Every structure is written in C-alpha cells, then in structure tokens.
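Colleague: Here is my input, please return the structure:
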Amino acid sequence: MFRNGLEPWHLLLLVLVILLVFGSKKLPDMARSLGKSARILKSEAKAMKDDGKQAAGTAQSAEEPAPAQRTIQAAPGDVTSSRPVNEPTDTTQR
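Modeller: Next comes the predicted model:
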C-alpha cells in the first residue's frame, strides 16, 4: 500500500508548501533557532554526564575543590545577558 509513498516529487511539493506557508525570510531564522536549541541541548546533556561522573568521583575523594558555576552564554545579538545555570535559592543575602 505504501510501497512508493515518498517519491522525489512528493519532497519537492512539500518544500514548495513550506516556502509558501513560512516565507523565504523566516526559514533561515527558524533554522538558526533550531541549531541554537540543538547546541544547548547537547551542552546540557554533556554537563549532566560530567556531573554524574563527578558525583561518583566525589564519594571516593571529598578533598577536591568544588567546580566553578556554569553559565549559559547569550546568543550574539540577544538582549539578555549570560545567566548562571543554578541560581541561588536564598534571596535574603543581598
């Protein structure tokens, strides 16, 4: 039934519909934001793996210094600044 369900002309028609719906000006912005999201996801996944390995290592040696706090860097042209990943929960110490 679906043996020849996706042929090259189907892909061409799909690309044409996407161009008509979103326009040629929005597509690069969408691709850029998708790339940024993928980079953030990848870095957070790596950080979680590193934290897991470090937690296992701290059980054996508790004399190692604590790592510096990680920050998420703002994208170029972004109006928000870099912010710490783990914000302090105690707000009375200002």
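Colleague: Which strands and helices lie in contact with the helix or strand in which residue 17 is found?
Modeller: Assigned by DSSP states H and E, residue 17 falls within helix 8-22. If you count contacts as 3 or more CB pairs under 8 Å, 6 or more residues apart in numbering; DSSP states H and E, helix 8-22 packs onto helix 26-58. (Each C-beta comes from the backbone N, C-alpha and C, glycine too.)
Colleague: Between helix 8-22 and the helix it packs on, find me the angle.
Modeller: Angle of helix 26-58 versus helix 8-22, following axes from the mean of the first three to the mean of the last three CA atoms, to 10 degrees, is 100 degrees.
Colleague: So what touches the helix holding residue 17?
Modeller: The contact list for helix 8-22 (CB atoms under 8 Å, 6 or more residues apart in numbering) reads 27, 30.
Colleague: what mean pLDDT does it have?
Modeller: Mean per-residue pLDDT for helix 8-22: 88.
Colleague: Output that helix as CSV, nothing but the C-alphas.
Modeller: Taking C-alpha atoms only, helix 8-22 is exported to CSV below (Å, rounded to 0.1, in the frame of the first residue of the first chain):
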residue,chain,number,x,y,z
PRO,A,8,11.1,12.8,-5.1
TRP,A,9,8.2,14.9,-6.4
HIS,A,10,6.5,14.5,-3.0
LEU,A,11,9.5,16.1,-1.4
LEU,A,12,9.6,18.9,-3.9
LEU,A,13,5.9,19.6,-3.3
LEU,A,14,6.5,19.6,0.5
VAL,A,15,9.3,22.1,0.2
LEU,A,16,7.2,24.3,-2.0
VAL,A,17,4.3,24.3,0.5
ILE,A,18,6.7,25.1,3.4
LEU,A,19,8.1,28.0,1.4
LEU,A,20,4.6,29.3,0.7
VAL,A,21,3.5,29.0,4.4
PHE,A,22,6.5,30.4,6.2
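Colleague: I'm done for today, thanks for sticking with me.
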